[in-house]
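>>> generate coordinates for the sequence data below:
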Amino acid sequence: MRGALRALKLKQPQRKSTTKRRFLRKGVASVLLLNLLCFSLVPALALAEGEQTESTTTESTTTETTTVQTATTSIPSVESLGLEVKSAVLLEPVSGQVLMNINGDVPLPPASMTKMMTEYIVADLVKQGKFKWDDVVTVGKNAAQTIGSRIFLAEGDQHTIEELYIAMAVGSANDATVALAEHVAGSEQAFVKMMNDEAKRMGMKTAHFANSTGLDIADMPDEFEPTDTEETVMSAMDAAILARYIVTDHPDFTRFTTIQSYKFRERDTAPMINWNWMLEANKNVTNFKQYAYDGLDGLKTGHTTNAGNCFTGTAVRNGMRLISVVMGAKTEGSRFVESRKVLDFGFNNFETKQIVPPKTTVAGTETVTVKKAKNTEIPVVTDQAVSFVVPKGADTSAVQPKVTLADESTLTAPLKQGTKVGTVTYSFKAPGMDQTLEKTVNLITAEDAEKAGWFKLMMRAIGEFFSDLFNGIKNLF
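Numbers count the residues shown, from 1 in each chain. Predicted coordinates:
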């Protein structure tokens with residue numbers, strides 16, 4: 001037994017030595033293998049580096065080319081149009097963007113463009129169900145005595161609201177306009193108060209209405225003149241804002257504004273002819289085809305000695321509608337010539353471009369925390385698309401989002417999909433445009449936030465308790 005133990009002790013150093021030799025052999029082999037791998041990888045790494053450099057060079061070149069292309073996108077100056085008007089405005093009604101503004105904030109007499117407010121109010125009251133198009137209107141003394149453009153209504157005549165509305169929209173009939181105003185409000189001055197109240201609601205900054213027609217106060221019947229002697233004024237910008245409300249709130253406005261002619265009474269020897277010579281339908285009318293404009297379907301002319309010749313026009317092309325206003329043109333025909341310049345400026349140089357599609361996730365705000373939900377992190381997206389009117393070919397990649405979230409303490413499950421949890425404002429400064437474009441849309445939940453069961457809420461509360469406890473102890477040290 002002792003001999004066996006002695007033999008075992010003698011063998012142990014030898015086993016250790018053998019283990020060392022094996023370890024050394026493996027280590028040398030590993031080093032050699034590692035060196036072999038390193039030498040074999042050097043060409044590959046060099047090649048990869050060369051490819052990366054080439055790729056980077058190509059990308060840089062592409063970026064430079066894009067920059068050059070963007071820089072060449074330019075908009076002609078407004079001065080180059082040679083407009084012969086006192087003021088002009090071009091507006092895109094969906095976004096409210098102003099694409100041209102020449103003295104647009106200067107209050108001027110608008111003449112019969114005033115009737116746009118009368119048209120809006122009457123159409124709105126019909127839309128609300130307070131009146132019907134086939135309601136009969138009895139013409140009063142004030143309407144019968146009104147001068148200027150008219151259809152020669154007599155006191156006591158009866159016509160429907162629709163018939164008088166067409167006479168106002170197509171023939172710019174002052175007597176029909178007054179008859180509608182008195183029918184709606186009881187008196188023209190009561191209606192004028194409605195007009196001024198609406199102007200304030202719409203954000204029209206300079207507009208003041210003295211009557212429903214746009215006539216100078218001196219041209220109104222003496223016994224119906226207002227006690228307020230301030231004349232009707234409206235800036236080109238206010239006219240554009242008013243037109244925007246018409247095309248937005250009453251998209252069926254073209255049912256009236258595109259009527260080329262209208263025979264008011266069977267006994268009339270000739271029909272009324274629409275004062276808007278720019279109607280697209282007039283391209284086949286000998287007297288008006290030189291003024292006809294593709295896509296134009298409204299809106300209202302105006303003329304008095306003090307106002308000169310005015311026109312608020314609207315046209316749509318390739319899905320984009322524009323509103324133009326010119327005031328103080330020299331002649332009836334020139335107001336349409338100048339309007340063409342303004343509209344061409346818009347359609348030739350701008351386009352509506354979707355910057356952000358609907359249901360978009362905002363980087364950095366992919367989720368919100370909803371208390372007591374099964375899944376406390378709920379994904380959020382935008383509720384609608386964001387589009388801007390930009391110069392044609394403009395690079396819109398530089399759009400900047402700014403997120404404002406609701407207080408998370410107010411977000412508690414259950415919440416339905418589509419619940420508003422904040423807003424995001426997208427800003428973009430287009431090349432060639434002075435203004436920074438902005439649009440704010442809502443951030444909504446992309447899925448339901450279901451309430452967690454009591455057991456899960458309890459375990460979550462326990463976990464949060466110990467987490468807070470641990471962090472508190474940790475902070476002590």
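
>>> okay, now the nearest residue to Gly308 once chain neighbours are set aside: neighbour count?
Leaving aside its chain neighbours, Gly308 sits nearest to Gly328 (4.3 Å; criterion: C-beta to C-beta, 6 or more residues apart in numbering). Every C-beta, even on glycine, is put in place using the N, C-alpha and C of the backbone. For Gly328, the number of neighbouring residues by other C-beta atoms under 10 Å comes to 21.

>>> surely Gly328 is in a strand?
Yes. The assignment for Gly328 (DSSP: H, G, I helix; E, B strand; the rest coil) places it in a strand.

>>> surely it meets Cys310?
Yes. Under the criterion of C-beta atoms under 8 Å, Gly328 is in contact with Cys310, at a separation of 7.0 Å.

>>> all helices for the protein, in order.
With DSSP state H as the definition, the chain shows helices at residue ranges 2-71, 115-127, 141-145, 161-171, 174-185, 188-202, 236-249, 254-257, 332-349, 454-476.

>>> comparing these by mean pLDDT, which bottoms out?
Within the helices of the chain, confidence is poorest for helix 2-71, with a mean of 39 (mean pLDDT).

>>> list the buried residues of stretch 133-153.
Neighbour counts over stretch 133-153 (16 or more other C-beta atoms under 10 Å) mark 137, 139-140, 142-146, 148-151, 153 as buried.

>>> as CSV, could you dump the C-alpha coordinates of it?
Once side chains and other backbone atoms are set aside, the C-alpha atoms of stretch 133-153 remain, and they are given as CSV (Å, rounded to 0.1, in the frame of the first residue of the first chain):
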residue,chain,number,x,y,z
TRP,A,133,-83.8,77.9,-50.9
ASP,A,134,-87.5,77.7,-51.9
ASP,A,135,-88.7,80.1,-49.2
VAL,A,136,-90.6,83.1,-50.7
VAL,A,137,-89.3,86.6,-50.2
THR,A,138,-91.5,89.6,-50.4
VAL,A,139,-89.6,92.6,-51.7
GLY,A,140,-89.7,95.7,-49.5
LYS,A,141,-89.4,99.4,-50.2
ASN,A,142,-85.6,99.7,-49.5
ALA,A,143,-84.8,96.9,-52.0
ALA,A,144,-87.1,98.4,-54.6
GLN,A,145,-85.4,101.8,-54.4
THR,A,146,-81.8,100.5,-54.5
ILE,A,147,-79.9,101.7,-57.5
GLY,A,148,-76.9,100.5,-59.5
SER,A,149,-76.6,97.0,-60.9
ARG,A,150,-80.1,95.5,-60.4
ILE,A,151,-83.0,93.4,-61.7
PHE,A,152,-85.6,96.1,-61.2
LEU,A,153,-87.6,94.6,-58.3
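
>>> who's in contact with that stretch?
With contact meaning C-beta atoms under 8 Å, 6 or more residues apart in numbering, stretch 133-153 is reached by 112, 126, 154-162, 164-165, 167, 171-180, 182-183, 188, 213, 215, 219-221, 224, 264, 272.

>>> rerun at 6 Å
Stretch 133-153 has contacts (C-beta atoms under 6 Å, 6 or more residues apart in numbering) with 154-155, 157-162, 164, 167, 172-176, 178-179, 182-183, 215, 219, 221, 224, 264.

>>> and if you look at stretch 449-456?
The list of residues contacting stretch 449-456 from outside it, by C-beta under 6 Å, 6+ apart, reads Val370, Lys372, Ala373, Lys374, Ile378, Ala413, Pro414, Leu415.
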